[in-house]
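*Asks:* I'd like to go over a predicted model; first the sequence, then the structure.
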Amino acid sequence: MNADQREGVVSNAKYLRSVRPIDPEEVSDYVAGQPHPATVRQVLREEAVELGLIEREDGTFEPVSEEPVPHEFRGVEAFPDGYARRLEDLLVEAFGPGWPDGESGDALRETIRRLKEDYFAQNPVAYDEDVALGYAVYHLPDYYAVVQYVLSTLTERGLLPRRLRVLDVGAGVGGPALGLHDFLPDDALVEYHAVEPGDSADVLDALLEETGRNFHPTVHRETAEAFDPDGEYDLVLLANVLSELDDPEAVVRKYLDALAEDGSLVAVAPADRNASIGLREVERAVTDRATVYAPTLRLWPGEQPSDRCWSFDVRSDVDVPAFQRRLDEGSRASDEDDAPGSGEFVNADVQYSYSILRLDGTRRRDLTADAGRFAKMAETERHVTRRVDLVAVKLSHSLSESDAENEVYRVGDGSQEEDHFAVLTRETALNRALREAAYGDLLAFEEVLVLWNDDEEAYNLVVDEETVVDRL
């Protein structure tokens, strides 16, 4: 197709999109030389993002809806079989059909062990082909699930548009990309840009081939520091990458500059102490530039927390995918310490820390604490041994051992200088909201007893039969 014919296809599409669904066969009749409908369809696919068109199942095109992505998410049970088969294809291409067994299986298991050791030692990791595949085997399922739980906090308030320009910084082998793809409805139009250097990008490229007709991916093989964002993005993802950067604050500031005024920057980190606290440190460093949408809301104007805030969410495990089970149970060629089926190479936990930042001041919960009614956590020292009313965000699931007498939950109001824990010593109908509330929910406490815990160097907010707890 020549340039004039291409322009003819685009011009006809611009006219027809306001009249009826765009049929490539009809457009072909209107273009000089009547190019084949398949050629017209390909041009429409290539121009879909610019024209704002989605391709329907019947092969016609129509404008993407201006309605936001609906809040219909109900959780993630498993990593999809189609993606799992494509990953196994890559493993077979790299190691042969017996990839989980013998020397190839030993090498993959050792790679995963080194990855975990280097991560907890905070050592840099070089992602060659073997490391990228080992990382994919171990992390694709949980990263696929995590991003969907985080995005659901945006759809609660209709803040994720159907026409979506995405920048995935440090996209890795594709867990967040695939999770984003499956989270969105089929009629969403996504211009997806991934920033990922090295061999991880090869795995990412292969898995992106499994995405749908209205998901338009481009992979930029550059580092987060070197990449120059083009234009503004509705969603910027930094998933499990901040802890690998030399200057994470500078990188977050750089990509906040690439965020649309009504867009969201989503940062995700593993739930371990170093990564989780590190995420909060970066979040706090950039609040001069952005508002924290969730989960660590600032409920007092002008206040900033300075506690340790090791805070993470926990969701139901995903089903163990076959490729993890096969590697875990594969026959060993060497005398490894583990026995087949030990579970060392199974990773189905969904635990994560996250931060969502926005430039427009929007927060997940629009509440500003009233100094005439609530005590401020920055001033908790004044209230030790007294009962007070306060408002806070629930920032953990139960931190107690299964046989513990009391349930303990981290809470914060965005002003706290020390850790604050709500301790449920006696549950009643009037305070059970503390236990039942979800991570990130807002809670109002009435008549909660304030104590100082020397062992934990933290404040305990004792919730007993005299305390009332309400979800706001």
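*Replies:* Great, that's in hand.
*Asks:* contacting residues for residue 453?
*Replies:* Applying CB atoms under 8 Å, 6 or more residues apart in numbering to residue 453 gives the contacts 421, 459, 460. Backbone N, C-alpha and C define where each C-beta goes, glycine included.
*Asks:* confidence score at residue 187?
*Replies:* Per-residue pLDDT puts residue 187 at 97.
*Asks:* hang on, isn't it packed against residue 64?
*Replies:* Yes: between residue 187 and residue 64 there is a contact under CB atoms under 8 Å: 6.8 Å.
*Asks:* Name the residues contacting each of these two.
*Replies:* Listed as contacting both residue 187 and residue 64 by CB under 8 Å, 6+ apart are 54, 162.
*Asks:* And these two? Which one has more around it.
*Replies:* Higher neighbour count among residue 187 and residue 64: residue 64, with 21 against 15, using other CB atoms under 10 Å.
*Asks:* Could you check how far the more buried one is from residue 190?
*Replies:* Going from residue 64 to residue 190 by CB to CB, to the nearest Å gives 10 Å.
*Asks:* How about residue 126?
*Replies:* In terms of CB to CB, residue 126 sits 31 Å off from residue 190.
*Asks:* Let me see the ranges of the strands in the stretch 301-450 of the chain.
*Replies:* Per DSSP state E, counting those that start in this stretch, the stretch 301-450 of the chain carries strands over the ranges 313-315, 350-358, 387-394, 407-412, 420-424, 442-453.
*Asks:* pLDDT (mean, whole number) over stretch 56-63?
*Replies:* Here stretch 56-63 scores 96 as its mean pLDDT.
*Asks:* what's next to that stretch, contact-wise?
*Replies:* Residues outside stretch 56-63 that contact it (CB under 8 Å, 6+ apart): 13, 17-18, 21-24, 41, 44, 48, 52-55.
*Asks:* which one of these has the most neighbours?
*Replies:* Neighbour counts for those, by other CB under 10 Å, peak at residue 22, which reaches 25 neighbours.
*Asks:* List the beta-bridge partners for that one.
*Replies:* Legend: beta-bridge partners of residue 22 under DSSP bridges are residue 61.
*Asks:* Give me the domain ranges for the protein.
*Replies:* Here the domain parsing of the chain from automatic domain parsing is 3-63, 81-358, 377-471.
*Asks:* Quick one: those as TSV, columns for distance to residue 71 too.
*Replies:* What follows is the domains of the chain, written out as TSV (distance: least, CB to CB, whole Å):
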stretch	distance to residue 71
domain 3-63	20
domain 81-358	4
domain 377-471	14
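*Asks:* For residue 365, find the nearest of these.
*Replies:* domain 377-471 (5.0 Å; CB to CB).
*Asks:* Quick one: distance of that closest one to the chain centre.
*Replies:* 27 Å (CA atoms, centre = their mean, to the nearest Å).
*Asks:* cool, and stretch 22-35?
*Replies:* Averaging C-alpha positions (CA atoms, centre = their mean) puts stretch 22-35 42 Å from its chain's average.
*Asks:* First residue to last residue on that stretch, what's the distance there?
*Replies:* Start-to-end span of stretch 22-35 (CA to CA, to the nearest Å) is 15 Å.
*Asks:* where does the most centrally placed residue in the chain land in three-state SS?
*Replies:* Closest to where the C-alpha atoms of the chain average out (CA atoms, centre = their mean) is residue 147, at 2.8 Å. Secondary structure assignment for residue 147 (DSSP: H, G, I helix; E, B strand; the rest coil): helix.
*Asks:* How much space separates it from residue 153?
*Replies:* Between residue 147 and residue 153 the computed distance is 11 Å (CB to CB).
*Asks:* One more: residue 361?
*Replies:* 16 Å.
*Asks:* Between the two, which has more neighbouring residues?
*Replies:* Higher neighbour count among residue 361 and residue 153: residue 153, with 22 against 9, using other CB under 10 Å.
*Asks:* Please name the nearest non-neighbouring residue to the more buried one.
*Replies:* Spatial nearest neighbour of residue 153, chain neighbours left out: residue 294 (5.1 Å); criterion: CB to CB, 6 or more residues apart in numbering.
*Asks:* okay but residue 188 is in contact with residue 64, surely?
*Replies:* Yes: in this structure, residue 188 is within contact of residue 64 by CB under 8 Å, at 7.2 Å.
*Asks:* what touches both of those two?
*Replies:* Residues touching both residue 188 and residue 64 (CB under 8 Å, 6+ apart) are 54, 162, 163.
*Asks:* Quickly name whichever of the residues you listed is closest to residue 86.
*Replies:* residue 54 (23.8 Å).
*Asks:* Let me know the secondary structure of the closest one.
*Replies:* Classified using three-state DSSP, residue 54 is strand.
*Asks:* Distance-wise, check it relative to residue 8.
*Replies:* Distance of residue 54 to residue 8, computed by CB to CB: 21 Å.
*Asks:* Same check on residue 283?
*Replies:* 50 Å.
*Asks:* Break down this protein into its helices, ranges please.
*Replies:* 3-16, 24-30, 37-51, 81-95, 102-120, 129-155, 175-183, 200-208, 248-256, 273-285, 322-329, 433-436 (DSSP state H).
*Asks:* would you list the ones you listed in TSV and tack on mean pLDDT and distance to residue 232?
*Replies:* Output for the helices of the chain, formatted as TSV (pLDDT from 0 to 100; distance: least, CB to CB, whole Å):
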stretch	mean pLDDT	distance to residue 232
helix 3-16	89	23
helix 24-30	90	31
helix 37-51	95	14
helix 81-95	98	30
helix 102-120	92	33
helix 129-155	97	17
helix 175-183	98	18
helix 200-208	97	22
helix 248-256	98	11
helix 273-285	97	21
helix 322-329	97	38
helix 433-436	98	40
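*Asks:* Lovely, talk soon.
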